[in-house]
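> let me see the structure of the following:
(one chain, ligands or ions: 1)
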Amino acid sequence: MKVSDILAQSGKAFPSLEIVPPLRGLTKDELLESIAPFMEFSPKYINVTSHRDEFEFRESPDGTFSRHLVRNRISETTVCTAIMSKYNIETVPHIICAGATAEEIESKLDNLEFLGINNIVALRGDSITGEKRFTPTPGGYRYASELVEGIRQYQGSANYQRKRKEERYFCIGVGGYPEKHFEAANIETDIANLKKKVDAGADYVITQMFFDNNVYYDFVRRCREAGITVPIIPGLKPLSTARQINLLPESFSLDIPIELTSEIVKAGEDKEAVYKIGTEWCAMQCKDLIAHGVPAVHFYTMGKSRNIVNILKECF
Ligand code: FAD
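Sure, this is the predicted structure:
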């Protein structure tokens, strides 16, 4: 079932869960076990992030260079297949422009269609270590809006073309930034760029994480004023370590409210107290969002389940 149909038919807020594929070395059973605690909440689907492989060039004694794979994760499509066959639920792979040509992305779409996956989150991706700014792959897409356009133009197989007569095969989600994307000059420009993704064919938006719900409510208001009418799913992540009060703003270009920061600082070295504060804050955000009638709440689980499970128990 498409996420857009789930959103339209659900009637009440539901949890949406995002996981990160494991680095090479973890087994399928270990991955499936790590998400098992979520299954008691009967998630309607699971998002699986996408990551490009990282390589380094090493010089040989003869002065030539060779390329070596230094870091890679199991592909989103493989992880989706494992989840679908074990738990029989929908999966939503993320597809990124970064590191792929348009043809390579088309080939990914063929694989998804082959597996019967018709939900996608379309993103640009980020620069890799050592790159100052995002550099599109030659023959690839520069922006997520171009990727959405590419997905909408995808012709696929005869099977797909049959379905296409009745409907758009892929349901597409895109990312939105309540505190603006770090490269955007201002929030207005960023929202105008978000609208390009929706105009290109995106069905809904998932936001970057935020720790102050007013930031989300204000973002939704601005989006509506700009003519973006699709559902905007809020994204949450419970803070789990004291280091994250510096790491998250640096990595995701967001603010952590002073009330939360002070509580974390007060907890000091007490790791369990920090964990509890972060979990309670997130649960408080989640309850407030549900009370404001959001269609779903998206959780960036980052492979951790204990805090998310506690929040789901309390809120859904
Ligand atoms: P875009 O929408 O392309 O925007 C990137 C920047 O370009 C913005 O500043 C925007 O304002 C600007 N821009 C957009 N269009 C134009 C235009 N036409 N002209 C000029 N400027 C323009 N990353 C991963 O690597 N893998 C994942 O699985 C992943 N999942 C994510 C899930 C969610 C819900 C979110 C919010 C982010 C995720 N990311 C993921 C991170 C994402 O790839 C980065 O935030 C990336 O820097 C931007 O991606 P985007 O799709 O929002 O880019």
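> which other helices and strands contact the biggest helix by length in the chain?
Ordering each helix of the chain by length in residues (DSSP state H) puts helix 271-291 first. Packing partners of helix 271-291 (3 or more Cβ pairs under 8 Å, 6 or more residues apart in numbering; DSSP states H and E): helix 213-225, strand 232-236, helix 258-267, strand 296-300, helix 306-315. In short, each C-beta sits where N, CA and C put it, glycine included.
> touching the third one from outside, list them.
Outside of helix 258-267, the residues within contact range by Cβ atoms under 8 Å, 6 or more residues apart in numbering are 211, 239, 242, 245, 273-274, 277-278, 281.
> Throw together a ChimeraX command that grabs the buried residues out of those residues.
Those of those that count as buried under 16 or more other Cβ atoms under 10 Å are selected in ChimeraX with:
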select :211,239,242,245,274,277,278,281
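> can you pick out the most distant pair from the contacts of helix 258-267?
Between any two of these, the greatest separation by Cβ to Cβ is 17.8 Å, found for Phe211 and Ala273.
> and Glu56, what helix or strand is that in?
Using DSSP states H and E, Glu56 sits within strand 54-59.
> tell me which other helices or strands that strand touches.
Packing partners of strand 54-59 (3+ Cβ pairs under 8 Å, 6+ apart): strand 65-71.
> which outside residues touch the strand it packs on?
So strand 65-71 is contacted by 23, 53-60 (Cβ under 8 Å, 6+ apart).
> same deal with stretch 296-313?
With Cβ under 8 Å, 6+ apart as the test, stretch 296-313 has contacts from 7, 10, 13-20, 22, 34-35, 37-38, 41, 47, 206-207, 209, 231, 233-238, 240, 275, 278-279, 282-283, 286, 289-290, 315.
> C-alpha coordinates for it, CSV please?
What follows is stretch 296-313, C-alpha atoms only, in CSV (Å, rounded to 0.1, in the frame of the first residue of the first chain):
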residue,chain,number,x,y,z
ALA,A,296,2.0,10.6,11.5
VAL,A,297,5.2,11.0,13.6
HIS,A,298,8.5,9.9,11.9
PHE,A,299,11.2,8.5,14.2
TYR,A,300,14.9,8.5,13.3
THR,A,301,15.7,5.4,15.2
MET,A,302,19.4,5.2,14.2
GLY,A,303,19.3,1.5,15.0
LYS,A,304,18.3,2.0,18.6
SER,A,305,15.0,0.7,19.9
ARG,A,306,14.8,1.0,23.8
ASN,A,307,14.0,4.8,23.9
ILE,A,308,11.7,4.7,20.8
VAL,A,309,9.8,1.7,22.2
ASN,A,310,9.2,3.6,25.5
ILE,A,311,7.9,6.6,23.5
LEU,A,312,5.7,4.5,21.3
LYS,A,313,4.2,2.8,24.4
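> of the contacts of stretch 296-313, just the buried ones, ChimeraX syntax please.
Selection of buried members from those for ChimeraX, criterion 16+ other Cβ under 10 Å:
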select :7,13,14,15,16,17,18,19,20,22,34,35,38,47,206,207,209,231,233,234,235,236,237,238,240,275,278,279,282,283,286,289,290,315
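> filter the contacts of stretch 296-313 down to the ones close to the ligand.
206, 235 (Cβ under 6 Å from any ligand atom).
> does Val215 touch Tyr177 like I think?
No: counting by Cβ atoms under 8 Å, Tyr177 is not a contact partner of Val215; they are 10.1 Å apart.
> ok, Thr101 touching Pro136?
No: judged on Cβ under 8 Å, Thr101 makes no contact with Pro136 at a distance of 9.8 Å.
> just list the residues touching Ser34, thanks.
Per Cβ under 8 Å, 6+ apart, neighbours of Ser34: 19, 303, 305.
> quick one: mean pLDDT over the helix or strand harbouring it.
Following DSSP H and E, one finds Ser34 within helix 28-35. The pLDDT scores in helix 28-35 average 94.
> can I get it as PDB, trimmed to CA atoms?
Extracted C-alpha coordinates of helix 28-35, given in PDB (Å, rounded to 0.1, in the frame of the first residue of the first chain):
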ATOM      1  CA  LYS A  28      20.500 -10.500   8.400                       C
ATOM      2  CA  ASP A  29      19.300 -12.100  11.700                       C
ATOM      3  CA  GLU A  30      21.000  -9.500  13.800                       C
ATOM      4  CA  LEU A  31      19.400  -6.700  11.800                       C
ATOM      5  CA  LEU A  32      16.000  -8.300  12.000                       C
ATOM      6  CA  GLU A  33      16.400  -8.900  15.700                       C
ATOM      7  CA  SER A  34      17.300  -5.200  16.200                       C
ATOM      8  CA  ILE A  35      13.900  -4.100  14.800                       C
END
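> can you name the residue of the stretch 201-316 of the chain nearest the ligand?
Nearest residue of the stretch 201-316 of the chain to the ligand (Cβ to the nearest ligand atom) works out as Ile206 at 3.8 Å.
> also the stretch 151-300 of the chain?
Closest to the ligand within the stretch 151-300 of the chain is Gly175: 3.0 Å, counting by Cβ to the nearest ligand atom.
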